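Novice: just need the structure, nothing else, for what follows:
(one chain, ligands or ions: 1)
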Amino acid sequence: MIKLEGVTKVYKTGVRAVNDMNLNIDAGEFVYVIGPTGAGKSTFIKLLYREEKPTTGKVIVDGINVAKIKDRKVPYFRRKIGVVFQNYRLLPRKTVFENVAFALQVTDTPRRKIRNRVRKVLELVGLEDKANAFPHELSGGQQQRVAIARAIVNSPKVLIADEPTGNLDPDTSEGIIELLERINEINGTTVIVVTHDKIIVQSHKKRTILIEDGCIRSDSSLGGYEE
Ligand SMILES: Nc1ncnc2c1ncn2[C@@H]1O[C@H](COP(=O)(O)OP(=O)(O)OP(=O)(O)O)[C@@H](O)[C@H]1O
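Specialist: Alright, predicted model coming up:
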């Protein structure tokens, strides 16, 4: 589903954020990406959803060479990939329902279909009773669940979460990770989670990729990592 071939990213400032990276992630995998601050984790995932283009090398997502996508086709490509961030990034003046529906409205889906689909994903994330609430009326964990619902409403093939539990307490974090695992299992979505949370990585025993200085230092399918 995801393939990196000799990928290097050098920013205009001269910083080499990703350095000759090679990687394969199969459809349906659940992968943690860990590493110290500044290691290149965010750059790695930005390359996947074409927020950045590689300086050299190839990034292939679902058979598509990401750097070759024409600018006007980027929105179509992005429907294959749902992205969730640490700070939720919800629209503050829209309700939970509207925040999730928004992602479908831009795709011209009929209204009835939108309603049914949004209800279904809100049920999956456990927020069916919060459809009419505004983001500020929700806890951090609930806001992250809305962000996840929004990210999966278009049924993407890949779901990327960049520090999804960074602002949450341990119990709430565990709930978010369990939800991401459920989406992986139920929908077969390929899930990539960037995290600093050692407890989560050590306890969930999923494939774990350690990035340091823009390189993959270890890649363990058994989960966990060596310090
Ligand atoms: N737009 C940019 N322009 C120039 N340099 C950048 C840019 N974005 C990131 N960098 C640099 O690239 C390197 C890798 O950054 P990146 O954000 O990918 O690391 P990270 O592993 O996600 O870090 P953190 O865990 O702190 O989020 C860092 O040295 C950073 O300063």
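Novice: what about stretch 55-62, distance to the chain center?
Specialist: 18 Å (Cα atoms, centre = their mean, to the nearest Å).
Novice: what comes up buried for it?
Specialist: By neighbour count on 16 or more other Cβ atoms under 10 Å, the buried set for stretch 55-62 is 57, 59-62. Every residue, glycine included, has its C-beta placed from N, CA and C.
Novice: skipping its backbone neighbours, what lies nearest I60 in space?
Specialist: K3 (4.2 Å; Cβ to Cβ, 6 or more residues apart in numbering).
Novice: buried residues in whichever strand or helix holds that neighbour?
Specialist: Element membership of K3 [criterion: DSSP states H and E] is strand 2-10. If you call a residue buried by 16+ other Cβ under 10 Å, then strand 2-10 has these buried ones: 2-5, 7, 9.
Novice: averaged pLDDT, that strand. What do you get?
Specialist: Mean pLDDT, computed over strand 2-10, is 98.
Novice: likewise for stretch 168-183?
Specialist: Computed over stretch 168-183, the average pLDDT equals 96.
Novice: for the buried residues of strand 2-10, which one is nearest the ligand?
Specialist: Using Cβ to the nearest ligand atom, K9 is the member of the buried residues of strand 2-10 that sits closest to the ligand, with 8.1 Å.
Novice: and the gap between the closest one and V15?
Specialist: Counting by Cβ to Cβ, to the nearest Å, the gap from K9 to V15 is 9 Å.
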